[in-house]
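**Q** Just a sequence and a predicted model for now, questions to come.
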Amino acid sequence: MNILIVDDIHEILLEKFDKAGIAYNYQPNITRLEAEKIISNYSGLIIRSKFQVDQAFIDLSPNLQLIGRSGAGMDNIDEVYAISKGIQLFPANEGNCDAVGEHMIGMLLSLMNNLNRGNAEIRQGQWKREENRGYELKGRTVALIGYGHNGQAMAKKLSGFDVKVIAYDKYKTGFSDQYATEVSMEEIVKQADIVSFHIPLTRETKGLVDEEYLFHFRKPIFFLMGARGGIVHVPAVLKALDAGKIIGAALDVLPIEKFPALGEQDWYQDLVSRDNVILSPHVAGWTFESYFKLSDILADKIISYLNTK
């Protein structure tokens, strides 16, 4: 096994590979074009998000046996095609689930208590108390869409806030635990005060959150998106904010995540002009601790797999 590593990863992965006797070529600054020229020499690939591992790239990799992603999900990898070629896929979803849960709760509390707006107003010489009266989280119903590693971590962290946590996962049943109760999507739209998304970006979920999706919620909601930007249709969120169906929105991810392209979107100025919208640059899972854990967990998965071959 000889593995090409094309992204920056924590040194713990390299240390574990060295100890296990796994050969690798660490090239964190390599481009896709450069990787295309040499990938046929390798039986493994480790990547974060540098480029798309699509059918064209996989076809240049006849010896590829495994792909590891030092991150949550495999949305920059053509999973279906890779699996059809007998390639084993290893995400490290467990590595940043705590970071995502903490970040999204932080965004929610800031949104509910107008912290960003109040901070900005004080810096501008304005002291407004009544205008920044907030909402308490206690007693509310938090609905989680998706109950994998991220959803479960979010539910566990919410357990100290005296909230009711319900969850819907299209691909799982019987997952109720001490932190969340499994319900149908019909119950989600009836009960939710806060909705938080913890699902991967797939062909099925791309553009899932549109006007039709948001229309069905019975109560005004706080909207949290910390999954993938491609899941949400931003104009639909803006329309729901205008209609009062969404009280406030916190988005760590957007459909476009690079400038200047983001600033050129028709909805961008409307989105950033609203003080009941909080944005962060896709950093919910981006902590010093998760940087270590993602690489540590991925190394263990790959070593375990190779030891069973």
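**A** Received it, and whenever you're ready, just let me know what you need.

**Q** Mind listing what's buried along stretch 2-21?
**A** By 16 or more other Cβ atoms under 10 Å, the buried positions in stretch 2-21 come out as 3-7, 9-10, 12-14, 16-17. (C-beta placed from N, C-alpha, C; glycine too.)

**Q** longest helix of this structure?
**A** helix 288-308 (DSSP state H).

**Q** Dump the buried residues of stretch 2-21 into CSV; add distance to residue 100 and secondary structure as well.
**A** Compiled in CSV, the buried residues of stretch 2-21 are given as follows (distance: Cβ to Cβ, whole Å; DSSP: H, G, I helix; E, B strand; the rest coil):
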residue, distance to residue 100, secondary structure
3, 27, strand
4, 28, strand
5, 24, strand
6, 24, coil
7, 19, coil
9, 19, coil
10, 18, coil
12, 20, helix
13, 21, helix
14, 25, helix
16, 24, helix
17, 26, helix
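
**Q** now those as TSV including distance to residue 45 and pLDDT?
**A** Formatted as TSV, these follow (distance: Cβ to Cβ, whole Å; pLDDT from 0 to 100):
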residue	distance to residue 45	pLDDT
3	7	98
4	5	98
5	8	98
6	7	98
7	10	97
9	12	95
10	17	97
12	19	98
13	13	98
14	15	98
16	17	98
17	14	98
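
**Q** need those in JSON lines with distance to residue 133, can you?
**A** Supplementary listing: those in JSON lines, determined by distance: Cβ to Cβ, whole Å:
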{"residue": "3", "distance to residue 133": "55"}
{"residue": "4", "distance to residue 133": "55"}
{"residue": "5", "distance to residue 133": "51"}
{"residue": "6", "distance to residue 133": "50"}
{"residue": "7", "distance to residue 133": "45"}
{"residue": "9", "distance to residue 133": "46"}
{"residue": "10", "distance to residue 133": "43"}
{"residue": "12", "distance to residue 133": "46"}
{"residue": "13", "distance to residue 133": "48"}
{"residue": "14", "distance to residue 133": "52"}
{"residue": "16", "distance to residue 133": "51"}
{"residue": "17", "distance to residue 133": "54"}
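
**Q** okay, now residue 27: neighbour count?
**A** 14 (other Cβ atoms under 10 Å).

**Q** which residues does it contact?
**A** 4-6, 34-35 (Cβ atoms under 8 Å, 6 or more residues apart in numbering).

**Q** and which of those is nearest to residue 207?
**A** Comparing the contacts of residue 27 against residue 207 with Cβ to Cβ picks out residue 6 as the nearest, at 29.2 Å.

**Q** Dihedrals phi and psi, the closest one?
**A** With angles defined as degrees, to the nearest 10, residue 6 shows backbone torsions of phi -110, psi 10.

**Q** ok, it - contacts?
**A** Residue 6 touches 27-28, 30, 35, 45-47, 50-51, counting by Cβ under 8 Å, 6+ apart.

**Q** Nearest to residue 67 among these?
**A** If you rank those by distance to residue 67 using Cβ to Cβ, residue 45 comes first, at 4.9 Å.

**Q** ok so, going back, drop the exposed ones from the contacts of residue 6 and show what's left.
**A** Applying a neighbour-count criterion of 16+ other Cβ under 10 Å, the buried members of those are 30, 35, 45-47, 50-51.

**Q** Identify the residue nearest the residue nearest the centre of the chain in space, chain neighbours excluded?
**A** The residue at the geometric middle of the chain, judged as the C-alpha nearest the mean C-alpha position with Cα atoms, centre = their mean, is residue 227 (3.1 Å). If you skip the residues right next to it in sequence, residue 227 has residue 197 as its closest partner in space, 4.5 Å away by Cβ to Cβ, 6 or more residues apart in numbering.

**Q** just residue 64 next, same as before
**A** residue 87 (5.5 Å).

**Q** Just give the nearest non-adjacent residue to residue 246, would you?
**A** For residue 246, the nearest residue in space outside its immediate sequence neighbours is residue 240; the separation is 4.3 Å by Cβ to Cβ, 6+ apart.
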